[in-house]
Structure formats: C-alpha cells, structure tokens
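In: please find the sequence and the predicted model below.
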Amino acid sequence: MSKKIIYGMFDDEEILLKSAKDLVSKGIRIKDVFSPFPIHGIDPVIGVPRTRLAIMSFIYGATGLSLAWLMMGYMLIFDWPMDIGGKPSQHFYMNLPAFVPISFEMTVFCAAHGMALTYLIVNRLYPGQQPKNPDTRTTDDKFMVQINVGENKKSAEEIKSMLSSTGATEITEKEA
Amino acid sequence: MNYTLTKNTRNILFGMMGLGVVGLLYALITGIDGQRIWANLLVDGLFFTFIALCGTFFVALQYAAEAGWSAGFKRIPEAMGQYLPVGGLVVLVILIGSALHFNHLYHWMDDYLIKEKTTVQDLRDYEASLPKHAVHEEHHEAAATTEEHGHEAHGEVAEVKDKPEDHYTSEAKFPTGPEHDLYAANYESAAATDTIANPHFDEVLEGKSGYLNKPFFFARAIIYLLIWIGFTLFFRKRSLAEDLQGDEVKHKKNMNYAGWFLVFFAVTSSTMAWDWVMSLDPHWFSTLFGWYVFAGMFVTGLTMITLISIHLKRNGYFQHINENHLHDLGKFMFAFSVFWTYLWTSQFLLIWYANIPEEVTYFMDRWENYKFLWVSNLVINFIFPFLVLMSRDAKRNMGFLMVAGGAIICGHWLDVFLMVMPGTVKANYGIGLLEIGLFAGFAGLFGFVTLTSLTKASLVPKNHPFLDESAHHHV
C-alpha cells in the first residue's frame, strides 16, 4: 500500500471546488482541503460530516441554565431567603423574573465557553502545538487539496494528471 | 406560473368565514355582552391588519436591504399586504364605533371624564347614560371625592353582583349607573344648573388629552392607514409593472421608496401601537410598548409568509423555493420569537421589580383574571417554538415549520387578545364559539384576500434582478 500524499495547489477557491467535485465524481477520495477561509459548499463534496457542535452547545446551555437556577435557588431562596424588591421569597417561582437575566447570562456563558473549548480540544489546538499545515501559503492566498494515494484505486500519476487538468497550478508529492 | 385558488381551498376559506358569522350570530342570540363582541372584533381586526402590514414591511425591508434570497417568494408578502385595506377598514369602523359610543373600548373617548366642572343636570344625564356593564376604571381621586362627601358607597357593593370581582380598582367601591345615583342625592338641594366639581373627572386622562383626543386620534389613524395602503398598492403596482419591463430602473428606485416607507413605518408602528392598543388601558403606559407590538406582529407576519410558502409548495407550486429558503424563514421565526420574548421580559421585569401602582395594575389585571392564558402566552410563543425550531433539521422540515408556525399564529393571536381584553372587558371574557369563530372567520377572510391576489400575478416575479440569486440560495 502506497503511503504517498499528493498536494494540489489552486489559486482560486471556485476552481478548487469544481476540481474537487470532478475528482470525487471519478471516485477519488480527498483527504482534506486547506484554505485561508471557509469555502462555501466544500464540506458535503469532500464528505466532511456535519458538525455536532450545535448539539454540544445545547447541552452546555442547558447545563448553564441548571447551574444558574441551582445557585440562585440555593442562595436566595433556600439557604438565606432574600427580600427581592419586597416580593415573597418562599418559592423559587415567586422570584423567577428577577432570575431571568442571570439565567440568560449563565446559559450563554456556559454554551459559549463550552463550545469554544470543545472546538479547541476536538481540533487538538493545545498550547505549544506545532502547525500541521503542509504549506504556509494556504494561510494567505492559496488553496490546497490533499489526497492520500493509498486510499484510492487510481495511481499517483493518474491523480496528478486529473488535478492538473482541472486547474491545479502546482502539484507536489510527498512520502508520508 | 400562476396560482389557482382551487375549489377545495376556497370552500375551506368560506367555511372559516361561515364559522365567523356563526360565532357572531351565536353571541348576538345568546346575549353575550356587546362590549365583549366589539373587543373580539378589535382583537381579530388588529391581528390580521398587523400581519398584512408586515407583508408590506417585509417587501420594503427586502428592497432596502437589497436582499436576494427573498426575491423568489416576494409575491407572498405583497399579496398579504393586499388585505391591509380590508383590515384597516375593520379597525377604523371599530374606532369610529367607539367614538360614537356604540362600544366603550376606548375609555378615554368619553369626553365627560376630562371636564373638571359640570352642572348637576349634565351629571345626572351622564350617569343615566352609562351602560350597566360598562367597565369604568374610575380614577382613585374620583373615589376619594365620594368619600369626602360622606357617601356610603361601600354599603351598595353587594348589589353589583353581576359585575366581576375587582379588588384593586376603585370600581367595586364606586358603583355607577342610574340605580346608584349618588351624586344626584348629594346635590338634591342644588339646582340642576348649578356648577359643581365633576366627580368623574379623571386627571390622568385630562393630562393625556393633548395627545389622546378624538380629532387628533382619527387624523393619525387615517394618515397611518392611507400611507400604509398607499405604499402597499404602490409597491405592488411597481412590482407588476417590473414583470413587463426588461430593465432594472424600477428596482433601483424601489430601494429609495422602501427607505421612505421604513422611516414612516418605524415611527407609525410605535404610535399606532400606543393609539390603538396601549390606549385601551389609558392610565397605564410603557415606553417600549410600540416595539413589543412590533416584535409580535413581525414574527406573526414572517410565520404567515412561511405557512403560505409551504401551502404553495405542497400544492405543486414554488419548486424554486427549497429547504434553503425555508431554513432562512425558520431562522427568522425562531429569532423573532426570541426577540418578542426579550421585549416581553424587558417590559414585565422592570414593572414587576419596581412595583409602582400605576404601572403594575396592567399586569395585575392579567394575573388576577387571565392567569392561565397569560402564562400560556409565554409557553406557546417562546418555549414551544424555541425548542421546536432550535435544530437545523427542524428549520428545513415543512412539518416542523407548520407545527411551530401554527403555534406562533395562535399564540400571537392570544397575545393580542391579552393586550385588548383586560382593558376593555376586565374578567368578563371567555374563549368560546364567539372568540374561536371570529378568529377563524377573519383568518378565512385574510386567506381569501391574500390567496386571491396571489392568483392575479405570476407567482415568480419576472425581471427581478435578484431572481437568479434567489434560485441559487444556499445555506
């Protein structure tokens, strides 16, 4: 099994998108795409599954809401009933309107921080991490597809010619 | 391709209108209080006028923002706007009915309440003219006046059994009507022509009479309606003319005109809410009420656009409108449901916290007599659409959109109901054949006007410069 990796460099994301569609329709599996900005519509083409971050966000938000209610209920109703604007404080619901802003803030706080941390962890963006980008130009104005030859039935030469015929300006090959 | 109103759809709409007539007849035959019937007419009149107004607002908003995604379905908000003349007329008739004292929805329209001095004869005539069930939030000072004159008002409370229990306004202590002619008794010695202090004088209404007076009120109402309807018909005419024209001249100018409409709408959507809705509780005020009403009507309007799109799609039209457009409409429904809740909370929270009597009465009315509906309002309009429309897949699914949309339409009808009813009929309300029938009836009328005007033009606008962008909309 070949461990060769082929990188195809493109000047424009529209050309890359077209090329990727063309390659995928011919049965080539694209390992990854590197781009300075998100390319609209590339995810379904190269088979990236939809992010599940939204589900996590809901869970983090629900956690935040529960924490906020637990905290306020314990502090202001149970442990040390507080006189909130002269309102009765025997039950949680009696002071619920006063808790709305904090409930909202805690929900947003937990959802936002949870999502950001999850994103960093899932992408292994820990401190001190070395950049894994094969070519630094893809952080500026170039776009690149990565194809692992071992995952495809076609040979490296065939893949290279397909890339160049669909508009790749620069094709490099690397042993992994 | 043009839309055809099928016999089936037409029969359903006529059936709904029939239900409205049945509800009205039922109310008249069973002798439901006239005030309650008028108040219900106002609820439905306002609710569907708001939706129509939002149709025009949406068209103008899309023009001004140079939005491309909505070009494919812009005939729907245009068609919704066509109901505005009908709905506006209904509202205007109710307002005029109030000014002519056919109903007492707008308490402040009673000129007698802002007269500081009165003759004894005038006072007697006025009290004789008061309807038995009319709800009068007499000002506390008026009640205090009776106390000063040493009347045993409290002794007579027991006789007002047919009235709703009322603990926090002075009404219970202050029976009105010919059988409680307190003042006449006090001034028995006085001649009919003697001038006395008016016990019904309402200082708050007098203070607001510079704005809340009938000539200015009706001048405003007519200006709002004329300009809104004018812009609606104007945009519609230009849109249809654009179909026959090959260039973008009309579209570029539309952006300008839309800007003018938005400026006018920004001011009048607020003042309209003060005039037509907030002045139902004339002693109360809220500075963000205009925005609150706007948020409610915009989310209803967006939901109506979504539901009509789905109706068209399910009947084989609108193939160029796909789940991407529905997704964006769903986002709008979700976002403005949250926005409405934000304003609802902002209004409620401060009043609840500060607990100032003059402000808190508004929510006391609702809490005492409308507790279940008042809580349901938040559940139906916030929690339900929030949970149903939260995920991406739900917003791209017609079934979920219809469930959430139905809830939002009914929920915001309930919201308008809760804005109108407590100030007009206090606890003398119900959700019965009258309410449901009139809601269905007006919905049928709205649907009929909207769908009929959809049949009159191509469903897809021709020559709209953003049409191609709309067809390729992708999220």
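Out: Done, it's in.
In: looking at the residue lying farthest from the centre of chain A now. What's its pLDDT?
Out: Using Cα atoms, centre = their mean, the residue of chain A lying farthest from its centre is A:G86. It sits 47.6 Å away. A:G86 carries a pLDDT value of 83.
In: so what's A:Y74 up against?
Out: Going by Cβ atoms under 8 Å, 6 or more residues apart in numbering or on different chains, A:Y74 touches no other residue. In this view, the C-beta of every residue, glycine as well, is placed from N, C-alpha and C.
In: which residue, other than its chain neighbours, is closest to the residue farthest from the centre of chain A?
Out: Of all residues not flanking A:G86 in the chain, B:N355 sits nearest, at 6.5 Å (Cβ to Cβ, 6 or more residues apart in numbering or on different chains).
In: pretty sure the one you found contacts A:P97?
Out: No. Under the criterion of Cβ atoms under 8 Å, B:N355 makes no contact with A:P97, lying 11.3 Å away.
In: the two: who's more crowded?
Out: Neighbours per residue (other Cβ atoms under 10 Å in any protein chain shown) separate B:N355 from A:P97, with A:P97 holding more: 18 against 11.
In: host element of the more buried one?
Out: Assessed by DSSP states H and E, A:P97 sits inside helix A:96-122.
In: ok, the residue farthest from the centre of chain A to B:S391 distance?
Out: Distance from A:G86 to B:S391, counting by Cβ to Cβ, to the nearest Å: 42 Å.
In: with A:I46 instead?
Out: 24 Å.
In: between these two, who's got more neighbours?
Out: A:I46 (19 against 14).
In: give me the contact list for stretch B:362-380.
Out: B:164, B:167-168, B:281, B:284, B:286, B:341, B:344, B:348, B:351-352, B:407-408, B:410-411, B:414-415, B:417-418, B:421-423, B:426-427, B:429, B:431.
In: now do the domain split for chain A, please.
Out: If you go by automatic domain parsing, the domain ranges for chain A are A:4-50+A:132-175, A:53-122.
In: kindly report the domain assignment for chain B.
Out: B:7-106+B:223-471, B:116-200.
In: and the longest one, how far out from the chain's middle?
Out: On the basis of Cα atoms, centre = their mean, to the nearest Å, domain B:7-106+B:223-471 sits 8 Å off its chain's mean C-alpha point.
In: confirm that A:V33 sits in a strand.
Out: Yes. Counting by DSSP: H, G, I helix; E, B strand; the rest coil, A:V33 falls inside a strand.
In: spatially nearest residue to it, not counting backbone neighbours?
Out: Leaving aside its chain neighbours, A:V33 sits nearest to A:V145 (5.3 Å; criterion: Cβ to Cβ, 6+ apart).
In: quick check: next helix or strand after the host helix or strand of that neighbour?
Out: A:V145 is part of strand A:143-148, with elements assigned from DSSP H and E. Where DSSP H and E defines the elements, the next helix or strand beyond strand A:143-148 is helix A:156-165.
In: next, the angle strand A:143-148 makes with that next one.
Out: 160 degrees (axes from the mean of the first three to the mean of the last three Cα atoms, to 10 degrees).
In: please save the CA atoms from helix A:156-165 in PDB.
Out: The C-alpha coordinates for helix A:156-165 follow below in PDB (Å, rounded to 0.1, in the frame of the first residue of the first chain):
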ATOM      1  CA  ALA A 156      -0.400   8.600  -8.200                       C
ATOM      2  CA  GLU A 157       0.300   9.600 -11.900                       C
ATOM      3  CA  GLU A 158      -3.400   9.400 -12.800                       C
ATOM      4  CA  ILE A 159      -4.400  11.500  -9.800                       C
ATOM      5  CA  LYS A 160      -1.700  14.100 -10.700                       C
ATOM      6  CA  SER A 161      -2.900  14.400 -14.200                       C
ATOM      7  CA  MET A 162      -6.500  14.700 -13.100                       C
ATOM      8  CA  LEU A 163      -5.500  17.500 -10.700                       C
ATOM      9  CA  SER A 164      -3.600  19.400 -13.300                       C
ATOM     10  CA  SER A 165      -6.300  19.100 -15.900                       C
END
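In: tell me the buried residues in the strand or helix carrying B:M333?
Out: For B:M333, the host element (DSSP H and E) is helix B:323-354. Under the neighbour-count criterion of 16 or more other Cβ atoms under 10 Å in any protein chain shown, helix B:323-354 has B:323, B:325-330, B:332-334, B:336-337, B:339-345, B:347-348, B:351-352 buried.
In: can you narrow those down to the ones near chain A?
Out: Among those, proximity to chain A is found for B:T345, B:F348, B:W352 (Cβ under 8 Å from any Cβ of the partner chain).
In: report how many residues lie close to the nearest residue to the first one once chain neighbours are set aside.
Out: In other words, B:T345. Of all residues not flanking B:T345 in the chain, A:V100 sits nearest, at 5.7 Å (Cβ to Cβ, 6+ apart). Counted by other Cβ under 10 Å, the residues lying close to A:V100 total 15.
In: test my guess that A:T169 contacts A:F10.
Out: Yes. Contact criterion Cβ under 8 Å: A:T169 and A:F10 qualify, at 6.5 Å.
In: quick one: contacts for residue 99?
Out: Just going to use chain A. With Cβ under 8 Å, 6+ apart, A:F99 has these contacts: A:A68, A:W69, A:M72.
In: chain B, not that one
Out: B:Y106, B:M109, B:K214, B:F218 are the contacts of B:A99 under Cβ under 8 Å, 6+ apart.
In: doesn't B:F218 make contact with the second one?
Out: No. Under the criterion of Cβ under 8 Å, B:M109 is not in contact with B:F218, lying 10.2 Å apart.
In: quick one: which of those two has more around it?
Out: B:M109 (21 against 15).
In: quickly list what A:Y7 is bridged to.
Out: With DSSP bridges as the criterion, A:Y7 is bridged to A:Q146, A:T172.
In: neighbours around it, how many?
Out: A:Y7, neighbours per other Cβ under 10 Å, totals 21.
In: for it, give its distance to chain B.
Out: 28 Å (Cβ to the nearest Cβ, to the nearest Å).
In: what's the pLDDT at that residue?
Out: 93.
In: same deal with the one 10 residues further on?
Out: For A:L17, the model assigns a pLDDT of 92.
In: doesn't A:G41 make contact with it?
Out: Yes. A:L17 lies in contact with A:G41 (Cβ under 8 Å); the separation is 6.4 Å.
In: with neighbour numbers in mind, choose between those two.
Out: For the pair A:L17 and A:G41, the greater number of neighbours falls to A:L17 (19 against 12), based on other Cβ under 10 Å.
In: so which strand or helix has the more buried one?
Out: Using DSSP H and E, A:L17 falls in helix A:13-25.
In: tell me the buried residues in that helix?
Out: A:E13, A:L16, A:L17, A:S19, A:A20, A:D22, A:L23.
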